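Asker: I would like the atomic coordinates for the input below:
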Amino acid sequence: MQQYFSELAAFIGTCLKSGEQYKCWLAAEATDFVRFNKSAIRQPGHVRRIDLTLDLIDGMRHAGSKLTLSGDLAADRDQVARSVAQLRGQLPDLPEDPHLLIATEVHSTERIVPSRLPAAGAIVDEVLAAARGYDMVGILATGPVYRGFANSFGQRNWHEVASFNLDFSLYLARDKAVKTAYAGFEWSSDQFRAKFDDAAAQLELLKRESVSLKPGAYRAFLTPTALNELVGMLNWDGFSEKSFRTKHSSLRRMRDEGTQFSSLIHLTENTADGLAPGFQGDGFIKPERVELVKGGALAGSMVSPRSAKEYGIAANGADTGEEFASIDLAAGGLPRERALTELGTGVYISNLWYTNFSDRANCRLTGMTRFASFWVEGGEIKAPLNVMRFDDSLFRLLGGNLIDLTLERELLIDGETYDGRGTGSALLPGALIKDFNFVL
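Answerer: Residues are numbered from 1 along each chain as shown. Got it, this is the predicted structure:
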């Protein structure tokens, strides 16, 4: 795939006329997909996909197109040549882009991580063996993803990493199920079995009679999966430099008023250890790490080339959307095995969903509990919790109400597949919170 991209990029250069430049971005994958239902294979398949985003530039005018390619170099050259000609015809009718920033310094990189994954069939055999006797539904995606960048200045960047993501649920009845996921770069039978056995134990607890709580504030423990639903909302322009400047960021008060999270919060864009590439769609290189929150205080932002040009500041490798792709929240001091003991009496939250802002200016979120969430007394799970709605501010939840974070962290990989497999990831601990506010 790398050689194919290199030859295709060289061909694009031959299509240019005097004064023209180009940049292109390749997103490809070779993925084995398996869908499970009732603990049986319902849809196996393999996806080989190659997408190329091509931008033709002349002065401060540029036009782009996205092509789905076959992998046959001769056929794809013809398609690319036609696309360049079409873009050239559009350029005279387009206005100049005052915020266009081109990566003219050549920084070529290569990251190839050899696959450490077993064959998809071997993983499937383990999953089916563990699921025997259960009603399991889920999807397995495994295999390499490829990302490449090239431009007319000779810059070439290549990223190739294999990963897997097994997202599954054990179903009981009606709305009762346990949802979990196991993801990473190297399959461990022991870790998978521990994940599955934990889900099976929670499934047994779901057989107890459910309870409903009155609205109010409750002590709570959030698993890494539940915490990811909250922290992930900060990707909705939270750390975007553009949003800070236009006062749309949900974290605006941190910059404008000095509002802080708990001193336990150390939040980093950790490209070095994530699944996402170390370069972005315009060819700018990402630092290995960008500190966003340090000791609870705002320490940085995501700055795209367009924001850098508009505001006269340095870019730091952020894509156009200025979202984090490899979020890393530092661990705390709470051993996971003591989570229920330290929770004492309160709510154990496995999953959240339908999360949205109820008051963006104050970083206030609302959403629903989901799947296996439980009422806990004296450090022991007593009953499943009926679905409840929460409404609370992250300035409270991750601020004065945060008691501790777990020592152990979990790698969560983006399960997005609608436009190809995602490369986003989150490395997160669980969180023990003093007051978690339920409103329904």
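Asker: residues touching the most centrally placed residue in the chain, list them.
Answerer: Central residue of the chain (CA atoms, centre = their mean): residue 424, 3.1 Å from the mean position. By CB atoms under 8 Å, 6 or more residues apart in numbering, the contact set of residue 424 is 275-276, 325-326, 413-414, 416. In short, each C-beta sits where N, CA and C put it, glycine included.
Asker: report the two of these separated the most.
Answerer: The span of the contacts of residue 424, defined through CB to CB, is set by 326 and 416 at 14.6 Å.
Asker: out of those two, which sits in the busier spot?
Answerer: residue 326 (24 against 12; other CB atoms under 10 Å).
Asker: my guess is the more buried one contacts residue 270. True?
Answerer: Yes. Taking contacts as CB atoms under 8 Å, residue 326 lies within contact range of residue 270: 5.0 Å.
Asker: mind listing the helices for the chain?
Answerer: Assigned by DSSP state H, the helices in the chain fall at 2-14, 73-90, 120-131, 189-205, 224-231, 241-246, 252-256, 305-311, 339-343, 394-395.
Asker: contacts for the fourth one, please.
Answerer: Taking contacts as CB under 8 Å, 6+ apart, the residues outside helix 189-205 that touch it are 126-127, 130-131, 134, 166, 168, 170, 172, 177-178, 180, 182, 350, 372, 374, 381, 384.
Asker: roughly how far out does that helix sit from the chain middle?
Answerer: Averaging C-alpha positions (CA atoms, centre = their mean, to the nearest Å) puts helix 189-205 24 Å from its chain's average.
Asker: what angle sits between that helix and helix 120-131?
Answerer: Per axes from the mean of the first three to the mean of the last three CA atoms, to 10 degrees, the angle that helix 189-205 makes with helix 120-131 is 30 degrees.
Asker: just the buried positions in helix 189-205, please.
Answerer: 192, 195-196, 199-200, 202-203 (16 or more other CB atoms under 10 Å).
Asker: I'd like the average pLDDT over that helix.
Answerer: Helix 189-205 comes out with an average pLDDT of 95.
Asker: alpha carbons of it, as CSV, please.
Answerer: The C-alpha atoms that make up helix 189-205 are tabulated as CSV, following Å, rounded to 0.1, in the frame of the first residue of the first chain:
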residue,chain,number,x,y,z
SER,A,189,-6.8,-14.3,25.6
ASP,A,190,-6.5,-13.6,29.4
GLN,A,191,-7.6,-10.0,29.1
PHE,A,192,-10.5,-10.9,26.8
ARG,A,193,-11.7,-13.7,29.2
ALA,A,194,-11.5,-11.3,32.2
LYS,A,195,-13.6,-8.8,30.2
PHE,A,196,-16.2,-11.4,29.3
ASP,A,197,-16.4,-12.9,32.8
ASP,A,198,-16.9,-9.4,34.3
ALA,A,199,-19.7,-8.8,31.9
ALA,A,200,-21.2,-12.2,32.7
ALA,A,201,-21.1,-11.5,36.4
GLN,A,202,-22.9,-8.2,35.8
LEU,A,203,-25.5,-10.0,33.7
GLU,A,204,-26.4,-12.1,36.7
LEU,A,205,-26.8,-9.0,38.8
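Asker: separation between the residue nearest to the centre of the chain and residue 188?
Answerer: According to CB to CB, to the nearest Å, residue 424 stands 22 Å off from residue 188.
Asker: again with residue 410
Answerer: 13 Å.
Asker: then residue 295?
Answerer: Distance of residue 295 to residue 188, given as CB to CB: 33 Å.
Asker: ditto for residue 136
Answerer: Distance from residue 136 to residue 188, by CB to CB: 19 Å.
Asker: same question for residue 132.
Answerer: Distance from residue 132 to residue 188, by CB to CB: 20 Å.
Asker: and for residue 61?
Answerer: With distances taken as CB to CB, residue 61 is found 52 Å from residue 188.
Asker: okay, the two: which has more neighbours?
Answerer: Using other CB under 10 Å as the criterion, residue 61 and residue 188 rank with residue 61 on top: 16 against 11.
Asker: point out where the stretch 1-150 of the chain drops to low pLDDT.
Answerer: Under the criterion pLDDT under 70, no range of the stretch 1-150 of the chain is flagged.
Asker: and stretch 286-306, what's buried?
Answerer: Residues 286, 290, 292-293, 296, 298, 300-306 are the ones in stretch 286-306 that count as buried (16+ other CB under 10 Å).
Asker: same question for stretch 266-279.
Answerer: Quick answer for stretch 266-279 (16+ other CB under 10 Å): 266-271, 274-279.
Asker: same question, stretch 317-335
Answerer: Going by neighbour count (16+ other CB under 10 Å), the buried part of stretch 317-335 is 317-319, 322-332, 334.
Asker: all strands for the stretch 51-200 of the chain, in order.
Answerer: 61-69, 109-113, 136-151, 156-173, 176-184 (DSSP state E, counting those that start in this stretch).
Asker: what about the last one, average pLDDT?
Answerer: Pointing back at strand 176-184 there. pLDDT averaged over strand 176-184 gives 92.
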